[in-house]
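> need the 3D shape of this:
(one chain, ligands or ions: 1)
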Amino acid sequence: MDVLLIGATGGTGAHLLRLLLADGHQVRAMVRREEQADEVRAAGATPVLADLEGELDDAVAGVDAVCFCAGSGSSTGPDKTLLVDLHGAVRTVDACRAHGVRRYLMLSSMAAGAPERGPEAIRHYLAAKHAADRILMDSGLDWTVVRPGGLTDDDPTGRVAVGVPHLGERGSIPRADVAAVMAACLEDPRTHGAVFELVSGDVPVAEVAAQV
Ligand SMILES: NC(=O)c1ccc[n+]([C@@H]2O[C@H](COP(=O)([O-])OP(=O)(O)OC[C@H]3O[C@@H](n4cnc5c(N)ncnc54)[C@H](OP(=O)(O)O)[C@@H]3O)[C@@H](O)[C@H]2O)c1
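Residues are numbered from 1 along each chain as shown. The predicted structure follows:
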């Protein structure tokens with residue numbers, strides 16, 4: 001598949017970049033700076049210079065699938081949450097519809113299903129994720145929404161717990177395991193129209209698609 005990876009330089013995105021290339025996909029990696037372009041090119045991807053706050057058509061046109069792993073992060077304010085996590089994500093969905101890209105994998109967040117019940121300090125972030133997810137779900141695309149708990153940089157375990165659509169309690173998961181689940185979902189039609197929460201657990205990554 002030709003895949004546009006948004007957030008390819010991020011913690012989870014960098015894992016997913018390696019996995020997609022290892023699976024034989026042609027990856028177009030969205031980067032914001034020239035030096036990042038050299039890095040993803042060296043890894044085997046084709047860089048595309050773009051910003052979620054700017055022009056997106058050239059990045060999206062011509063791929064088979066989009067994987068969204070970007071996020072404004074905790075070092076920026078709520079303005080960037082709105083512009084990147086919400087408006088940026090929505091504009092990539094619009095660009096997919098405009099350019100006939102059917103497959104869309106969204107990396108969202110645990111508790112985005114009910115932001116009003118999430119921790120107060122991140123409720124605005126959860127609301128942004130919630131709204132972007134809802135617009136993707138109503139888009140008519142072949143979507144999958146993955147909502148992990150707290151992300152860590154621990155080594156992957158290859159085993160997760162899946163909650164469809166919710167898990168009973170909060171938890172954490174290595175970014176590498178989240179990326180492995182996304183890579184496994186990409187070409188599996190059983191995950192089309194699926195939204196699920198994800199933390200570390202006992203289920204092998206290869207069995208996630210059967211559970212969602
Ligand atoms: N942290 C958690 O515990 C947690 C929990 C659940 C879900 N999530 C979500 O999981 C996703 C991945 O998180 P992560 O911690 O792995 O990511 P990360 O390391 O924070 O990386 C974020 C990525 O988004 C890119 N990005 C930021 N603003 C952008 C813009 N305007 N245009 C294009 N790209 C932009 C960054 O590019 P640059 O390299 O150029 O900055 C980077 O590649 C995010 O959506 C996050 O909200 C996080």
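
> and the strands in this protein?
Listed in chain order, the strands of the chain (DSSP state E) span 2-6, 26-31, 46-49, 65-68, 103-107, 142-148, 150-152, 159-163, 172-174, 194-200, 203-204.

> for these, which one ends up most surrounded?
Greatest average neighbour count among the strands of the chain goes to strand 65-68 (a mean of 26), per mean count of other CB atoms under 10 Å. Where you see a C-beta, it was placed from the backbone N, CA and C, and this is true even at glycine.

> closest one to the ligand among the strands of the chain?
Nearest to the ligand, of all these, is strand 150-152, at 3.8 Å by CB to the nearest ligand atom.

> still on that earlier bit, ok, which of the strands of the chain comes nearest Pro119?
If you check each of the strands of the chain against Pro119 by CB to CB, strand 150-152 wins as the nearest, at 11.1 Å.

> OK, contacts around the closest residue to Leu17 other than its chain neighbours?
Taking CB to CB, 6 or more residues apart in numbering, and ignoring the residues beside it in sequence, Leu17 has Ala8 as its nearest neighbour in space, at 5.0 Å. By CB atoms under 8 Å, 6 or more residues apart in numbering, Ala8 lies in contact with Ala14, Leu16, Leu17, Val27, Ala29, Met30, Val31, Val40, Ala45, Cys69.

> for the third one, give its distance to the ligand.
In this structure, Leu17 and the ligand are 10 Å apart, going by CB to the nearest ligand atom, to the nearest Å.

> what about the residue in the chain positioned nearest to the ligand, how many neighbours?
For the chain, the residue positioned closest to the ligand under CB to the nearest ligand atom is Gly10, at a distance of 2.2 Å. Close neighbours of Gly10, defined as other CB atoms under 10 Å, add up to 19.

> let me see the contact set for the residue nearest the centre of the chain.
To find the centre residue of the chain, average its C-alpha atoms and take the closest one (CA atoms, centre = their mean): that gives Leu107, at 2.7 Å. Contacts for Leu107 (CB under 8 Å, 6+ apart) come out as Gly7, Thr12, Cys67, Phe68, Cys69, Gly71, Val146, Pro148, Val178, Met182.
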